[in-house]
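Undergrad: Fold the following for me, if possible:
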Amino acid sequence: MNVAVRRTDRRETIRVADTDDSRRSGRVWPTNIVVFVVIFALAALGVYLRLWSIGNNAINSDQAVVGLAARDILHGHFTTFYWGQNYGGVEPYAVALGFLVFGTHAWVVNATAALLSAVAALLVWRLGVLVSGNTVVAALAAAITWIWPESDVWNSTREYGFRGVVLVCGLVVLIAAVRILQSRDTRWTWLVFGAGLGLGCWASPEIVYFALPSVIAVAIALFGRSRSRIPLHATSRLSLRPSSRAPTTVEERRSVTGDVCTAFAGAVLFALPWIITNLRSGFASLSEATAGDLPGNTYLHRLRIFFVDSLPMSFGARTPASGAWLGGRDVGLVITVLVSIVVVTGVVTAAAKLPASRLLVGYVVAYPFIYAAMIPTEYWRDGRYAVFFAPVLVPLVVAGVDRFVRDLARRRHLFIADSSRRWTRVVVAALAAAALSVATVEAFTSSSPLTSTAFDLTPTTNPVGTAVVTSLSRDQIEKAYADYWVAYSLDMIGDEKVTVSPVDSVRNRSLARKVDESHDPAWLFVGPTSADRASDISQFTNPGMEPFGLTPVGFTNLLRRSGIRYRVVQAATMTAVVPARLVTPASILRDLQ
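TA: Take a look at the predicted model:
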């Protein structure tokens with residue numbers, strides 16, 4: 001084995017070049033092939049699970065709102081935020097691009113979220129390369145984040161308007177920050193750093209998970225370098241210690257002020273829609289993000305929820321949607337303990353042995369406390385508020401564990417030959433990948449029974465909603481009122497064949513006006529049979545779907561008391577009551593009081 005010695009700042013840095021006979025002879029390739037097979041298998045499993053989930057799960061109204069906003073964008077009606085909110089944006093534009101390519105289909109909405117998760121996996125690979133310096137280790141980390149934890153995979157097929165973009169922007173910010181800390185940056189790096197912060201800010205306040213540790217770390221590095229009066233770019237690429245030589249190139253003479261201004265300009269440019277909208281609304285986004293604690297939902301309560309509930313879910317020990325322990329409470333606790341041991345080993349080793357990983361260590365340590373600062377994180381059962389944890393934790397832990405195993409392998413009493421070392425690492429990686437794959441499939445079948453191994457990206461993805469729309473169109477019903485969970489879902493599935501407005505929780509006034517100004521809009525109710533109700537719940541994903549809690553009988557009684565004639569139409573699994581004249585939600589509320 002050859003040993004190369006490089007002097008930097010009067011110190012010796014030992015770089016070990018593994019050029020033994022086995023590597024020269026090519027006998028290392030069998031182990032690499034096995035690792036690549038494992039990575040390919042994980043990637044294929046992740047693709048299959050996402051396609052199955054998109055093709056077998058109906059779109060709900062929260063997801064449909066993103067699709068409707070994207071459809072409006074294609075019609076020239078641009079939007080900054082998720083309808084009805086002062087935050088959550090950017091992603092409808094990605095969905096609109098998907099509509100341009102594939103057509104305005106409901107399945108494209110959730111497929112966009114899955115595509116963004118694929119982009120995030122590629123960024124995890126890049127982040128892993130920077131941290132570990134090994135492309136194979138980084139690829140394994142990316143493959144793991146692609147299929148684990150189960151809650152992240154589950155959420156990656158549900159489009160809620162902003163988290164996919166936030167994850168992509170956040171990883172871009174971390175990558176740029178690591179390059180800056182390693183003094184491997186250019187002016188473009190700073191522009192990307194600022195652009196990620198700006199676009200992430202527009203997408204959601206949750207960019208703070210990435211922004212806070214990254215900005216603090218970069219600021220500390222800049223302050224330290226300015227105190228030493230050594231230019232930012234006069235540092236060695238192989239060491240974080242400043243070089244004693246004077247800057248001689250144009251790149252090295254570049255000013256820190258110019259870099260910071262470049263980042264600031266990028267942030268402002270990409271956050272411009274957020275800035276303009278908030279200037280008009282008196283910065284409503286800030287007031288919404290800084291609302292105080294609710295009774296019982298305190299900071300300490302949410303911090304406890306993270307460690308007791310969200311962390312086990314991020315470790316794959318709890319299933320999404322239900323929050324149930326995987327394999328039961330005892331098995332779930334064992335999984336949590338085992339994963340915790342691996343995580344602690346990887347994080348501690350990375351912090352001690354891999355300087356490039358220390359920003360990620362700070363991110364992981366800060367995450368629970370930032371999580372607890374956000375009021376909505378009390379709701380943990382689907383894991384949506386913890387989706388930014390594992391994509392940073394996994395490359396950190398994989399790099400740390402790989403270093404830990406390699407350090408152990410150098411002890412001669414543990415392994416006799418280099419080939420034994422390599423094959424041991426490969427076997428460990430394969431077994432870990434198999435365990436994660438089994439856990440992910442088990443969690444998916446627990447959350448959404450895998451009744452069919454096939455997937456179909458057609459209107460039959462939403463068979464109940466499609467049948468309702470077809471029936472309404474056949475009876476020439478083009479406008480209707482319904483419960484929130486029914487209305488926007490039918491709007492998206494119907495693709496402008498019908499226009500349905502919720503009786504409350506109205507997110508778009510334009511759609512509501514179309515119904516309010518019609519002559520005789522119908523009112524949609526669940527039923528009439530229990531089988532119909534079960535089908536509606538599977539389509540609209542919410543048990544309570546009656547407008548104002550009324551049944552068709554209760555609604556028609558109100559109409560009779562007011563002397564309003566009506567007709568009743570069976571619209572597939574739903575009942576449509578069509579008054580002879582316009583009956584608005586406001587008038588029904590008055591009658592109910």
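Undergrad: Mind jotting down where the helices sit in the stretch 301-450 of the chain?
TA: Applying DSSP state H, counting those that start in this stretch to the stretch 301-450 of the chain gives helices spanning 311-314, 329-353, 358-372, 390-409, 418-447.
Undergrad: Pull the residues that contact the second one.
TA: With CB atoms under 8 Å, 6 or more residues apart in numbering as the contact definition, helix 329-353 has outside contacts at 131, 311-312, 315-318, 325-327, 357-358, 360-361, 364, 393, 396-401, 403-404, 407, 439. Glycine gets a C-beta too; all of them are placed from N, C-alpha and C.
Undergrad: Any buried residues in that helix, and which?
TA: The neighbour-count check on helix 329-353 (16 or more other CB atoms under 10 Å) flags Gly332, Ile335, Thr336, Val339, Val342, Val343, Gly346, Val347, Thr349, Ala350, Ala351 as buried.
Undergrad: where's the residue lying closest to Val401 once chain neighbours are set aside relative to Leu354, distance?
TA: Nearest residue to Val401, sequence neighbours excluded (CB to CB, 6 or more residues apart in numbering): Gly346, at 4.3 Å. Gly346 sits 10 Å away from Leu354, going by CB to CB, to the nearest Å.
Undergrad: what does Gly161 give?
TA: Taking CB to CB, one finds Gly161 at 36 Å from Leu354.
Undergrad: returning to what we had before: now the buried residues of helix 329-353 as a markdown table including distance to Leu42 and pLDDT?
TA: Listed next are the buried residues of helix 329-353 as a markdown table, based on distance: CB to CB, whole Å; pLDDT from 0 to 100:
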| residue | distance to Leu42 | pLDDT |
| --- | --- | --- |
| Gly332 | 22 | 89 |
| Ile335 | 18 | 89 |
| Thr336 | 22 | 92 |
| Val339 | 17 | 92 |
| Val342 | 17 | 92 |
| Val343 | 19 | 94 |
| Gly346 | 18 | 94 |
| Val347 | 22 | 96 |
| Thr349 | 23 | 95 |
| Ala350 | 21 | 95 |
| Ala351 | 26 | 95 |
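Undergrad: Dump these to CSV, plus distance to Asn557.
TA: Formatted as CSV, the buried residues of helix 329-353 follow (distance: CB to CB, whole Å):
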residue, distance to Asn557
Gly332, 49
Ile335, 54
Thr336, 53
Val339, 57
Val342, 62
Val343, 60
Gly346, 64
Val347, 63
Thr349, 70
Ala350, 67
Ala351, 68
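Undergrad: now the strands for the protein?
TA: Ranges of strands within the chain are 2-8, 11-17, 479-482, 499-502, 522-526, 566-571, 574-579, based on DSSP state E.
Undergrad: Out of those, point me to the one whose mean pLDDT is lowest.
TA: Ranked by mean pLDDT, the strands of the chain end with strand 11-17 at the bottom, a mean of 37.
Undergrad: Okay, now the unreliable bits of the protein?
TA: By pLDDT under 70, the low-scoring segments of the chain are 1-31, 225-254, 288-294, 411-460, 593.
Undergrad: one step back: pull the most distant pair out of the buried residues of helix 329-353.
TA: Across the buried residues of helix 329-353, the longest distance by CB to CB is 27.9 Å; it joins Gly332 and Ala351.
Undergrad: What separation do you get for Glu206 and Met374?
TA: 7 Å.
Undergrad: nope, Gly362 is what I was after
TA: As for Gly362, its distance to Met374 is 19 Å (criterion: CB to CB).
Undergrad: ok, back up a step: just the buried members of the contacts of helix 329-353?
TA: When those are checked for burial by 16+ other CB under 10 Å, the buried set is 131, 311-312, 315-318, 325-327, 357-358, 360-361, 364, 393, 396-401, 403-404, 439.
Undergrad: since we're on Val506, how many residues are nearby?
TA: A count of nearby residues for Val506, using other CB atoms under 10 Å, gives 17.
Undergrad: Surely it touches Arg513?
TA: No: counting by CB atoms under 8 Å, Val506 does not reach Arg513; the two are 10.0 Å apart.
Undergrad: shared neighbours of those two, anything?
TA: Between them, Val506 and Arg513 share no contacting residue, judged by CB under 8 Å, 6+ apart.
Undergrad: ok, and the closest non-adjacent residue to Phe369?
TA: Excluding its sequence neighbours, the residue lying closest to Phe369 (CB to CB, 6+ apart) is Leu303, at 7.2 Å.
Undergrad: That neighbour: what's it in contact with?
TA: Residues near Leu303 by CB under 8 Å, 6+ apart: Pro368, Phe369, Tyr371, Ala372.
Undergrad: Looking at neighbours, which among those is most surrounded?
TA: Going by other CB under 10 Å, Tyr371 tops those with 23 neighbours.
Undergrad: contacting residues around stretch 478-489?
TA: Applying CB under 8 Å, 6+ apart, the contact partners of stretch 478-489 are 58-61, 64-65, 68, 462, 465, 472, 490, 497-505, 507, 514-515, 518, 521-524, 536, 539-542, 544-547, 574, 576, 585.
Undergrad: Between its first and last residues, how far does that stretch reach?
TA: End-to-end distance of stretch 478-489 (CA to CA, to the nearest Å): 15 Å.
Undergrad: from the contacts of stretch 478-489, which would you call buried?
TA: Using 16+ other CB under 10 Å, the buried members of the contacts of stretch 478-489 are 58-61, 64-65, 68, 462, 465, 472, 490, 498-503, 507, 514-515, 521-524, 536, 539-542, 545-547, 574, 576, 585.
Undergrad: now Met545: how far from Ala106?
TA: Met545 is 18 Å from Ala106, by CB to CB.
Undergrad: sorry, that was for His75
TA: Note on His75: its distance to Ala106, by CB to CB, is 17 Å.
Undergrad: Compare those two and say which is more crowded by neighbours.
TA: Ala106 (25 against 9).
Undergrad: which residues in the stretch 151-300 of the chain form helices?
TA: Per DSSP H, counting those that start in this stretch, the stretch 151-300 of the chain carries helices over the ranges 163-181, 187-203, 208-227, 250-253, 256-270, 272-281, 284-289, 299-305.
Undergrad: Out of those helices, which is the most enclosed?
TA: helix 163-181 (a mean of 25; mean count of other CB atoms under 10 Å).
Undergrad: Show me what it packs onto, helices and strands only.
TA: If you count contacts as 3 or more CB pairs under 8 Å, 6 or more residues apart in numbering; DSSP states H and E, helix 163-181 packs onto helix 91-102, helix 106-132, helix 187-203, helix 208-227, helix 358-372, helix 390-409.
Undergrad: What residues does Asp152 make contact with?
TA: Ser117, Thr145, Ser314, Gly383, Val387, Ala390, Pro391.
Undergrad: got TSV for the residues you listed, with neighbour count and distance to Val215 too?
TA: What follows is the contacts of Asp152, written out as TSV (neighbours: other CB atoms under 10 Å; distance: CB to CB, whole Å):
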residue	neighbour count	distance to Val215
Ser117	24	25
Thr145	26	24
Ser314	26	24
Gly383	25	26
Val387	24	21
Ala390	22	22
Pro391	25	19
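Undergrad: Now for these: which two are most distant?
TA: Ser117 and Ser314 (15.3 Å).
Undergrad: My read is that Glu546 contacts Trp523, right?
TA: No: using CB under 8 Å, Glu546 is not in contact with Trp523; the gap is 9.9 Å.
Undergrad: And Ser151, how close does it get to Phe369?
TA: Distance, Ser151 to Phe369, using CB to CB: 21 Å.
Undergrad: Ignore what I typed, I meant Ser510.
TA: 41 Å.
Undergrad: Fine, thanks again, bye for now.
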